[in-house]
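1. this one's structure only:
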């Protein structure tokens, strides 16, 4: 891979299904905080991911790659190995047990995230340089019920 990523910002988007209090800490800007799921999240709810790029000229623009709205458990099974597994390590960077991407429903409870840096090994080979905003959204039909937004800086490896 020809790039590296650095956490720039995290925005909590609490809703009726969860509350989160993530923040960046330390020189390495690691993600720390908690996520409280108020009730089991089943495949009745949908997950989607919107990606935006900002090269510094015209603000954030929606990128052509996204995860379309799909049932939560199906999304987890589809994307766990490539995007979650190497970053969210049960007992190390999170208390949530992903059960190798097979957990369904996502159980009610309070879970920590500690010293999380995204492992980009399996991300797209080519990404635009600059800021990337990833907006993870949980929907109940057409109603927003929770989410989080991460901004990372993509820059050439030196």
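-> On my side now, so go ahead. Computed from a predicted structure; not experimentally measured.
2. switch to C-alpha atoms for all contacts and neighbour counts from now on
-> Will do.
3. and the biggest strand by length in the chain, how far from the chain's centre?
-> Ordering each strand of the chain by length in residues (DSSP state E) puts strand 143-156 first. Counting by Cα atoms, centre = their mean, to the nearest Å, strand 143-156 is centred 6 Å from the centre of its parent chain.
4. so which elements touch it?
-> strand 3-13, strand 18-20, strand 130-140 (3 or more Cα pairs under 8 Å, 6 or more residues apart in numbering; DSSP states H and E).
5. tilt between the first one and strand 130-140?
-> If I follow you right, that is strand 3-13. Counting by axes from the mean of the first three to the mean of the last three Cα atoms, to 10 degrees, strand 3-13 lies at 40 degrees to strand 130-140.
6. who touches strand 3-13?
-> 19-24, 28-31, 117-118, 120, 146-157 (Cα atoms under 8 Å, 6 or more residues apart in numbering).
7. just how off-centre is it within its chain?
-> For strand 3-13, the distance to the chain centre is 10 Å (Cα atoms, centre = their mean).
8. still on that earlier bit, which of the contacts of strand 3-13 count as buried?
-> Among these, those that count as buried by neighbour count (16 or more other Cα atoms under 10 Å) are 19-24, 29-31, 117-118, 120, 146-155.
9. name the nearest residue to the residue nearest the centre of the chain, sequence neighbours excluded.
-> The residue lying closest to the centre of the chain (Cα atoms, centre = their mean) is residue 136, at 5.8 Å. Nearest non-adjacent residue to residue 136, counting by Cα to Cα, 6 or more residues apart in numbering: residue 49, 4.6 Å away.
10. quick one: end-to-end length of stretch 11-25, please.
-> 14 Å (Cα to Cα, to the nearest Å).
11. for this structure, which segments are assigned as strands?
-> Using DSSP E, strands in the chain cover 3-13, 18-20, 23-25, 30-37, 46-54, 61-62, 67-71, 109-116, 130-140, 143-156.
12. let me have those strands in CSV, extended by mean pLDDT and distance to residue 77.
-> Putting these into CSV (pLDDT from 0 to 100; distance: least, Cα to Cα, whole Å) gives the following:
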stretch, mean pLDDT, distance to residue 77
strand 3-13, 95, 23
strand 18-20, 96, 21
strand 23-25, 98, 27
strand 30-37, 97, 19
strand 46-54, 93, 12
strand 61-62, 90, 25
strand 67-71, 89, 10
strand 109-116, 97, 20
strand 130-140, 95, 16
strand 143-156, 95, 19
